[in-house]
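# this one's sequence-less:
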C-alpha cells in the first residue's frame, strides 16, 4: 500500500483489514502466546544452544500455531482436525524439549511449571476442538 501524504495509514489499514479465520480461534491465540513465551525463554539459553535446543524449540513452537492456521484454511473439518493433531504433536515435542532445558539447568522449576501449565491448557483445548469438529480424535486429553 502506498502512503498518501496527509493520511493516517494505520487507521486506513485497520478499516480495510480482514480477519483470517484462525485469528478468531482461542487455540491459535493460546499458541501465539506460547510462541512468545518460548522465544522469550530461549533468548536466555546459552549461545552454544543457538543452533541446537533453542532453534528446535522455536521451530516446534511455531509449528503449533502454523498448523492451526493452515488447518483453518482447509476445505473440510476432517482436514482441519488432522492439522490440529499435528499441532498437538508439536506441542508435545515442545514440552519434551522443555524437560531437557530443565534438566540442563537452562530454566528453573518455576519457569518449567508455568510453561507446563500453559501447555496443558492448550493441549486440552486442542483435543476439545478436534472433537468439536466431529472427528474421533486420536489425540488424548492429558491426564490431570
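Structure's in. What do you need? Everything numeric in this text was worked out from a predicted model, so none of it was measured.
# what helix or strand does the residue most central in space within the chain sit in?
What sits nearest the mean C-alpha location of the chain, by CA atoms, centre = their mean, is residue 31, with 2.7 Å. Under the criterion of DSSP states H and E, residue 31 resides in helix 26-42.
# The longest helix along the chain - contacts with which helices or strands?
Ranked by number of residues, the top helix in the chain under DSSP state H is helix 77-103. Packing partners of helix 77-103 (3 or more CB pairs under 8 Å, 6 or more residues apart in numbering; DSSP states H and E): helix 26-42, helix 53-72, helix 109-132. C-betas here are computed from N, CA, C, even on glycine.
# Contacts for the shortest one next, please.
If I follow you right, that is helix 26-42. 22-23, 49, 53-54, 57-58, 61-62, 64-65, 68-69, 72, 84, 87, 91, 94, 101, 107, 111, 115, 118-119, 121-122, 125-126, 129 (CB atoms under 8 Å, 6 or more residues apart in numbering).
# Kind regards, and thank you for your time.
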